[in-house]
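1. Could you work out the structure for the sequence below:
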Amino acid sequence: MAAKIPVTIITGFLGSGKTTLIRHLLQNNQGRRIAVLVNEFGELGIDGDLLRSCQVCDDETLADGQSTAVKASLPDIVELTNGCLCCTVQEEFLPVMLELLKRRDSLDCILIETSGLALPKPLIKAFRWHEISHAVTVDGVITVVDCEAVSTGTIATDLQALEAQRQADPNLDHETPIQELFEDQLACADLVILNKADLVDAQTQAHVEQLVQQELPRAVKIVSSQHGQLDPNLLLGFQAAVEHHLSSRPSHHDEEEDHDHDDEITSAHLVLDRAFDPVLLRQQLETLVQEQEIYRIKGFVAVPQKTMRLVMQGVGKRFDQFYDRPWHPEELKQTRLVFIGRALNAAQIEHRLTALPTV
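-> Numbers count the residues shown, from 1 in each chain. As a prediction, this is how the structure comes out:
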């Protein structure tokens, strides 16, 4: 049986330097074939120069000359010039992972850059899902800390921008204080990086390290860095299998998570070789949400007599849809939907959808 692909999760607030860290790691990958997943609400971590020669990138994508991501629609994944891969994810975590696993023979490891404002443990728990648990494991969690910001009594250089980012992301728990998010990031870490250490003196750095150490529930190595320039061998290869050892990583939300029995959350991934009337499909999906405990629905729909692909997504009872791009000539016009919820009846979902009349 093939070994599981190690996944490294990199978290840290806006401006902490996780983007620069990932960029440096990719530029010095030492021959490793790395896939990078970046949350859409976070900062991407790929230097624009690395993307410019990719055939899937266009001039408009990189017109601003800044570090950016190609907002590639699934299952498109950007192939970088150094042999690495990159894609942006938001609600599409499971489909993206499944696409990457089709390439598992050509991957050595996966990096996931979180938005920096999401709680780490729910993401880690997703690696227990049976669809991917056999093939990937969370090798370690790296938390990047803005050393200069912490030295001044804050946790981010621009708290106003941090709060704006939080309010802009509908997937976050807006009731969680930012300080608690910071503490949860530290509590989940296998390695803490005090970045921007060159902006403080040695005494201040020692004080920041002491403050961070107080938030760590167990022995965790703390290292300092300038511009994220660290040896890749320090960042990879923890072999922590984090998803199986979450009890040693306390969170402010543990009681809430235990009460909700998150391990019962399941997913259903349907691929149907047919088109749907979007009105009838949406009505059926709304009915299914009332009958089952479905939290999220997202996917692509083939619509009769339409040359464009329809994106349909639902969060709870709220649905929206839009046409994102034309179908490619070589692309199968399939309807692909992902359902995430509790104790889903996948057979019933498929039966109800396939029973809809063809148009």
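
2. Setting the sequence-adjacent residues aside, check what's closest to residue 24.
-> Leaving aside its chain neighbours, residue 24 sits nearest to residue 228 (4.8 Å; criterion: Cβ to Cβ, 6 or more residues apart in numbering). Where C-beta positions appear, they are placed from N, C-alpha and C, glycine not excepted.

3. For that neighbour, list the residues it contacts.
-> When contacts are counted by Cβ atoms under 8 Å, 6 or more residues apart in numbering, residue 228 touches 17-18, 20-25, 144, 193, 195.

4. give me that answer again for 10 Å
-> By Cβ atoms under 10 Å, 6 or more residues apart in numbering, residue 228 lies in contact with 16-25, 45, 144, 193, 195-196, 235.

5. That one and residue 244, how far apart?
-> Going from residue 228 to residue 244 by Cβ to Cβ, to the nearest Å gives 29 Å.

6. again with residue 193
-> Taken as Cβ to Cβ, the span from residue 193 to residue 244 is 24 Å.

7. between those two, who's got more neighbours?
-> More crowded of residue 193 and residue 244, by other Cβ atoms under 10 Å: residue 193, with 27 against 13.

8. Wait, the more buried one touches residue 230, no?
-> Yes: Residue 193 is within contact range of residue 230, at 7.0 Å (criterion: Cβ atoms under 10 Å).

9. Touching both of these two, which residues are there?
-> 21, 142, 223-224.

10. Now for those residues: which two are most distant?
-> 142 and 224 (13.6 Å; Cβ to Cβ).

11. More neighbours: which of the two?
-> residue 142 (26 against 19).

12. re the thing from before, what touches both of residue 142 and residue 224?
-> 192-193, 230.

13. Now tabulate those in JSON lines and tack on distance to residue 129 and pLDDT.
-> As requested, the shared contacts of residue 142 and residue 224 are exported to JSON lines (distance: Cβ to Cβ, whole Å; pLDDT from 0 to 100):
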{"residue": "192", "distance to residue 129": "28", "pLDDT": "92"}
{"residue": "193", "distance to residue 129": "29", "pLDDT": "92"}
{"residue": "230", "distance to residue 129": "31", "pLDDT": "90"}
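
14. In helices, which of those fall?
-> Counting by DSSP state H, these place none of their members in helices.

15. TSV for these, including distance to residue 33?
-> As requested, the shared contacts of residue 142 and residue 224 are exported to TSV (distance: Cβ to Cβ, whole Å):
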residue	distance to residue 33
192	27
193	23
230	20
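
16. picking up where we left off before, what's the residue nearest to residue 24 sitting at in phi/psi?
-> phi 70, psi 20 (degrees, to the nearest 10).

17. Please enumerate the strands of the stretch 201-350 of the chain.
-> For the stretch 201-350 of the chain, applying DSSP state E, counting those that start in this stretch gives strands covering 221-224, 265-272, 293-301, 308-315, 318-326, 335-342.

18. residues in contact with the first one?
-> Under the contact criterion Cβ under 10 Å, 6+ apart, strand 221-224 has outside partners 142-143, 145, 147, 186, 189-198, 200, 202, 205, 208-210, 212-213, 216, 230-231, 234-235, 238.

19. same thing but at 6 Å, please
-> Contacts with strand 221-224, where a contact means Cβ atoms under 6 Å, 6 or more residues apart in numbering, come from 191-194, 197, 209.

20. Could you identify the most distant pair in these?
-> Most distant of the contacts of strand 221-224, by Cβ to Cβ, are 191 and 197, 14.7 Å apart.

21. Going by distance to residue 307, which of the contacts of strand 221-224 wins?
-> residue 193 (47.8 Å).

22. Surely that closest one and residue 225 touch.
-> Yes: with contacts counted by Cβ atoms under 6 Å, residue 193 reaches residue 225, the gap being 5.4 Å.

23. what sits against the closest residue to residue 136 other than its chain neighbours?
-> In space, residue 136 comes closest to residue 5 once its chain neighbours are excluded; the distance is 4.9 Å by Cβ to Cβ, 6+ apart. Residue 5 makes contact with 104, 107, 110, 136, according to Cβ under 6 Å, 6+ apart.

24. Would you mind splitting this structure into its domains for me?
-> Following automatic domain parsing, one gets these domains for the chain: 5-258, 265-354.

25. Need the winner for burial among the ones you listed.
-> Among these, domain 5-258 has the highest mean neighbour count (mean count of other Cβ atoms under 10 Å), at a mean of 18.

26. which one of the contacts of strand 221-224 sits closest to residue 179?
-> Closest approach to residue 179 among the contacts of strand 221-224 (Cβ to Cβ): residue 192, at 16.4 Å.
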